[in-house]
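Participant: My questions concern the predicted model and sequence given below.
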Amino acid sequence: MATASVPVEPEDMDCSVCHELLSDPKLLPCGHCLCRHCLLSWLHSQRPALCPLCRCAIVVDADEQGRTSMEEIADGLPTDLAIAALVEARRLLERDHKCCVCDDVAATSLCLHCGDMLCAACTIGHGKLSATRQHKVESLASVTADTVAANRPVPCAVHADKATELFCSTHGQTICQLCATSRHRGCSEVRDLEEKVGEARALLAQLADTLRAGERELDRSIQQLDDHLKEVEKQSAAAIAHIDAMCQRLAQSVEACRRRLTEMTHSACCDVREAVSEAKTCLLQRRGKLTTHTRVVERVQDAKSRHTVTSMTPKLKTRVDDLDYSVTLPADAKAIFKVTLIIDSEVVSRLEKELSELGQVKVTPTDIIAHVKPQPGVFRFHDNHGENIVLSNHQLTAERKSGTETNGVVMSRDPMEINVVYEVLINETDNTQKSNFTFLGAVSESPASVTLTVRSFELTCGVVVSSYAVWVLQSKAQTDLFRSALRDVTAGSRVGVGLDTDRYLHVFMDGKDLGVMPGAPSLTQHCYAFFDLGWRLKKVTSLPPYRV
């Protein structure tokens, strides 16, 4: 999916510790960058080490900081090559604009290929020389750091005078033609660099979509917390107003009681407010991580340097897979309160005696569901899965082992909720398989007790839907309802299942409800979504569930 270029702000190129241009920028887990030497000094001086901008942990594993040296921690973080290229271009443009050939003559142009500043006369000569006539020259009055970074060639790491045109999959490096015939002659796969760049950009587009979807989910949850805070404040104000009205009728003798009840009311709502605020802060931190990583991914997407794209994409893929997309609200943040005043019926006639027993502020927890519609819990895969499945990314990603094609069933860890869609994003398909079958559905037994079989249609309970048939309790029924849609799945497609109010299983494709199989029974027990990573499907990632 094409996206508009995202401008890099000047402050993105400055280190937040030394306030200078970034040098060897290291990408922190939160998505911000620090100079490597600044990061080392920060790690040595801070316990725990937090990002100076967003206060997120730099060392995610609490034990890692004690087991690993600071240099190993810093070098274990990826270098932001996109920012590094922009910083280098900015430093180049900030040099004195003097012609590199003539003595003390102002330069008017910049060669984007070799980085030389040229006066008007030398610019003409630069364009006539056979060695430089193909170089792109821009006016210093209009050229930007983005333009310089996009057009500076990345030379071969071994042969500095050669351009990188190939990609060695064995070593994960961009190489030149000479390297391909010498150092990498025995490597199993040396590909055209443009082909690899195209694949990397396609994956970057998927990562950007995943991050934006996570941002939208967190935005919705943050808005819910904001609405909840408003409701808390509204009820708190209403309670205090009621107390004020009562105390005014009792005049000065009741003033002491009014103050006490008001303080108790404030104290009661303070706990709720604090829990909600903490939950919001947590979600804002997650939102901040997604936003900064979105900018990083889009920045690499916009990078013209093929070396930058191919080098950073695998690291960003790992980083994005490990981000926390959960939007589940903690239990403490779901409580809202009502105030009830318990006053002795004889308080008026026995005012002086009864004021000390005037009553208490009673806090009645109620479920936030009456005020804010909660989002479903995080969709994670169960530990009981096919023997050829590997789970990662906190049980959000499932991948079938290479060289296998069966024993690839994965199930949801938690039961399916009514009117909630459970989807997976297809990250990778197995193009070596001739059959393009896709299997998914629901089982009506706990995943822990299900005996996993070679194929999902051998399951003994539930409904199995595929691109050519439907099984209900192992009874096969042909149907054309899902045939064409499920056979069209590719990398980037979304497939899912959901239960309606009557507990009939619906199939979803790219967000569209394909309906239910005619004659299929409703599923009366607790059901769990499953997906079969056999035949066509190779790797999937669970998406945040949503209500319909």
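Facilitator: Right, received. Where do you want to start? Numbers count the residues shown, from 1 in each chain.

Participant: Buried residues in the helix or strand hosting A74, which are they?
Facilitator: Assessed by DSSP states H and E, A74 sits inside helix 70-76. By neighbour count on 16 or more other Cβ atoms under 10 Å, the buried set for helix 70-76 is M70, I73, A74. The C-beta positions use only the backbone N, C-alpha and C, and glycine is treated the same way.

Participant: Please name the nearest non-neighbouring residue to the last one.
Facilitator: To tie it back to what came earlier, the one meant is A74. L39 (5.0 Å; Cβ to Cβ, 6 or more residues apart in numbering).

Participant: ok, the closest residue to G408 other than its chain neighbours - contacts?
Facilitator: The shortest distance from G408 to any residue other than its chain neighbours is 3.5 Å, reached at L533 (Cβ to Cβ, 6+ apart). With contact taken as Cβ atoms under 8 Å, 6 or more residues apart in numbering, L533 is in contact with G386, N388, I389, A398, E399, R400, G408, V409, V410, K539, V540.

Participant: okay, these in a markdown table with distance to V105 and secondary structure next?
Facilitator: Listed next are the contacts of L533 as a markdown table, based on distance: Cβ to Cβ, whole Å; DSSP: H, G, I helix; E, B strand; the rest coil:
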| residue | distance to V105 | secondary structure |
| --- | --- | --- |
| G386 | 72 | coil |
| N388 | 69 | coil |
| I389 | 67 | strand |
| A398 | 64 | strand |
| E399 | 60 | strand |
| R400 | 65 | strand |
| G408 | 69 | coil |
| V409 | 73 | strand |
| V410 | 68 | strand |
| K539 | 59 | strand |
| V540 | 62 | strand |
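
Participant: Nearest to L204, out of these: which one, please.
Facilitator: Set against L204, the nearest of these by Cβ to Cβ is K539 (16.6 Å).

Participant: That closest one: how many residues sit nearby?
Facilitator: K539: 19 surrounding residues under other Cβ atoms under 10 Å.

Participant: if I pick it, what's in contact with it?
Facilitator: T397, A398, E399, R400, I426, N427, E428, L533.

Participant: Of those residues, which is the nearest to F167?
Facilitator: Nearest to F167 among these, counting by Cβ to Cβ, is E428 at 18.5 Å.

Participant: Against which helices or strands is the host helix or strand of the closest one packed?
Facilitator: Per DSSP H and E, E428 falls inside strand 420-429. Strand 420-429 sits against helix 193-249, strand 397-400, strand 494-499, strand 505-509, strand 537-542, strand 546-547, with contacts defined as 3 or more Cβ pairs under 8 Å, 6 or more residues apart in numbering; DSSP states H and E.

Participant: quick check, Q301 in a strand?
Facilitator: No: under DSSP: H, G, I helix; E, B strand; the rest coil, Q301 sits outside any strand and is assigned helix.

Participant: and it, how far is that from R536?
Facilitator: Separation of Q301 from R536 (Cβ to Cβ, to the nearest Å): 28 Å.

Participant: same deal with T265?
Facilitator: Counting by Cβ to Cβ, the gap from T265 to R536 is 60 Å.

Participant: again, but for A180
Facilitator: For A180 relative to R536 (Cβ to Cβ), the value is 33 Å.
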